[in-house]
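A.B. asks: What would the 3D arrangement of this be:
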Amino acid sequence: MNIDDLHRLFPECSDFQIVRVPSSQKDVIRAVRDGQAVAIKIFRRISGDEDRVQRELAAVEKLRSEFVPRVFSSGQ
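C.D. replies: Sure thing, here's the model as predicted:
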């Protein structure tokens, strides 16, 4: 994933910064959307991992806490 790809995939965001998080499961990118800092998590496709990703999304959406990032969208 490079900055040009991020601009193409997330045209509503700007100021992309790749956050170095040691993980084989996902990439984390900091960006700005509508004047606010956002985090973009891009999960690497790992066979059999789809259920775990869906559970994580459901948990984050259910929490609704100021300390947990909000999910704006998800997809493949």
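
A.B. asks: what residue ranges in the chain score low on pLDDT?
C.D. replies: Within the chain, the segments meeting pLDDT under 70 span 22-23, 47, 75-76.

A.B. asks: Strands of that one, residue ranges please.
C.D. replies: Secondary structure of the chain (DSSP state E): strands at 13-19, 26-33, 36-43.

A.B. asks: Reformat those strands as a markdown table; add distance to residue 51 and mean neighbour count.
C.D. replies: All C-beta spots, glycine's among them, are computed from the backbone N, C-alpha and C. Output for those, formatted as a markdown table (distance: least, CB to CB, whole Å; neighbours: other CB atoms under 10 Å):
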| stretch | distance to residue 51 | mean neighbour count |
| --- | --- | --- |
| strand 13-19 | 25 | 14 |
| strand 26-33 | 15 | 15 |
| strand 36-43 | 12 | 14 |
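
A.B. asks: Look up which residues are beta-bridged to the nearest residue to residue 12 once chain neighbours are set aside.
C.D. replies: Using CB to CB, 6 or more residues apart in numbering and skipping the chain neighbours, the partner closest in space to residue 12 is residue 33 (5.7 Å). Counting by DSSP bridges, residue 33 is bridged to residue 13, residue 36.

A.B. asks: So residue 33 is in contact with residue 13, correct?
C.D. replies: Yes - the criterion here is CB atoms under 8 Å, and residue 33 meets it with residue 13 at 4.8 Å.
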